[in-house]
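Q: Whatever this is, show me its structure:
(one chain, ligands or ions: 1)
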Amino acid sequence: MKKGLFITFEGADGCGKSTQMELLAKYLQKKGYEVVLTREPGGKGLGEKIRELLLNYNGEVSDRCESFLFLADRAQNIDIIVKPAISAGKIVLCDRHTDSSVAYQGYGRGLDIEHINRLNNLATNGLKPDLTFVFDIDVETSMSRVGKEKDRMESAGKEFHNCVRNGYLEIAKQEPERIKVLDATESIEEIHKKVTEIIYKIITN
Ligand code: TYD
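A: Below is the predicted model of the structure:
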């Protein structure tokens, strides 16, 4: 495989996507692939500063400001981390990406989804993930996994998180080729097996 691959991991807070991402990274590295791990918001440098603001700022934050901060971080992640790695033929695994904006700011906060799609496109410069996993989980289970110490987004309430979950399922219906939905209440091993079966088909294609 010469061409790089861009794979994103999506789902509710506490769905286990970060664990699955790390397991997949190990699986791919064992097979000899060069893997780059990143996350949104965050990644490194300025991205981590934006993450800090988005998750821990205590004062009032407008929904549109929140959206633009996630998008600014996304542009930085794409330009500084994702694009260069893909151009070098590496496999990039990214914890959250464009679908988070659609699910959280669109379906969750109620901002216009067409606008978010257009802004996402600007932030990514048109680069799309080759594959996206959505780890689907009911709100009660995900909130119990998150525990009592919640960040600003995790504290947004049950109704908000229900809308986010439905949002993900709706996006997945619209793009079944790119987006694979997995049941996040299964065991870590079972989910990892399903993830690797899907990936195996792509890397051996
Ligand atoms: P995440 O890194 O998954 O947090 P943790 O691993 O600590 O659960 O995501 C941070 C939060 O940001 C999460 O609640 C989802 C939210 N988010 C959005 O609302 N929109 C976005 O575009 C992104 C990337 C994340």
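
Q: Spatially central residue for this protein, please.
A: residue 96 (1.5 Å; C-alpha atoms, centre = their mean).

Q: My guess is that residue contacts residue 10. True?
A: Yes: counting by C-beta atoms under 8 Å, residue 10 is a contact partner of residue 96 at 6.2 Å. In short, each C-beta sits where N, CA and C put it, glycine included.

Q: Can you work out which residues contact both of these two?
A: Residues touching both residue 96 and residue 10 by C-beta atoms under 8 Å, 6 or more residues apart in numbering: residue 17.

Q: returning to that earlier point: who touches the residue nearest to the centre of the chain in this structure?
A: Applying C-beta under 8 Å, 6+ apart to residue 96 gives the contacts 8, 9, 10, 17, 39, 40, 41.

Q: Would you mind pulling the contact partners of whichever helix or strand the first one is part of?
A: Pointing back at residue 8 there. Residue 8 belongs to strand 5-11 when assigned by DSSP states H and E. Residues outside strand 5-11 that contact it (C-beta under 8 Å, 6+ apart): 17-18, 20-21, 24, 82, 86, 91-100, 103, 127-137, 168, 184, 199, 202-203.

Q: at 7 Å instead, please
A: 17, 20-21, 82, 86, 91-97, 99-100, 129-137, 168, 184 (C-beta atoms under 7 Å, 6 or more residues apart in numbering).

Q: Could you identify the helix or strand that succeeds the lowest-mean-pLDDT helix or strand in the chain?
A: The helix or strand of the chain with the poorest confidence is helix 139-146; it has a mean of 91 (mean pLDDT, DSSP states H and E). Per DSSP H and E, the first helix or strand lying C-terminal to helix 139-146 is helix 158-174.

Q: by contact count, what packs against that next one?
A: Here helix 158-174 touches strand 131-136, helix 139-146, strand 179-183, going by 3 or more C-beta pairs under 7 Å, 6 or more residues apart in numbering; DSSP states H and E.

Q: could I get those as TSV with distance to the ligand?
A: As requested, those are arranged in TSV below (distance: least, C-beta to the nearest ligand atom, whole Å):
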stretch	distance to the ligand
strand 131-136	11
helix 139-146	7
strand 179-183	16
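
Q: would a markdown table of the ones you listed with mean neighbour count be doable?
A: Putting the helices and strands packed on helix 158-174 into a markdown table (neighbours: other C-beta atoms under 10 Å) gives the following:
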| stretch | mean neighbour count |
| --- | --- |
| strand 131-136 | 23 |
| helix 139-146 | 16 |
| strand 179-183 | 17 |
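
Q: What angle do helix 139-146 and the strand holding residue 8 make with each other?
A: 100 degrees (axes from the mean of the first three to the mean of the last three C-alpha atoms, to 10 degrees).

Q: Take the helix or strand following strand 5-11, keep the C-alpha atoms, and write them as PDB.
A: Where DSSP H and E defines the elements, the next helix or strand beyond strand 5-11 is helix 17-30. Listed next in PDB are the C-alpha coordinates belonging to helix 17-30 (Å, rounded to 0.1, in the frame of the first residue of the first chain):
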ATOM      1  CA  LYS A  17     -13.400   5.000  20.700                       C
ATOM      2  CA  SER A  18     -10.000   6.100  22.100                       C
ATOM      3  CA  THR A  19      -9.300   2.500  23.400                       C
ATOM      4  CA  GLN A  20     -10.300   1.100  20.000                       C
ATOM      5  CA  MET A  21      -8.100   3.600  18.200                       C
ATOM      6  CA  GLU A  22      -5.100   2.600  20.300                       C
ATOM      7  CA  LEU A  23      -5.700  -1.100  19.800                       C
ATOM      8  CA  LEU A  24      -6.000  -0.600  16.000                       C
ATOM      9  CA  ALA A  25      -2.800   1.400  16.000                       C
ATOM     10  CA  LYS A  26      -0.900  -1.500  17.700                       C
ATOM     11  CA  TYR A  27      -2.500  -4.000  15.200                       C
ATOM     12  CA  LEU A  28      -1.400  -1.900  12.200                       C
ATOM     13  CA  GLN A  29       2.100  -1.200  13.600                       C
ATOM     14  CA  LYS A  30       2.600  -5.000  14.100                       C
END
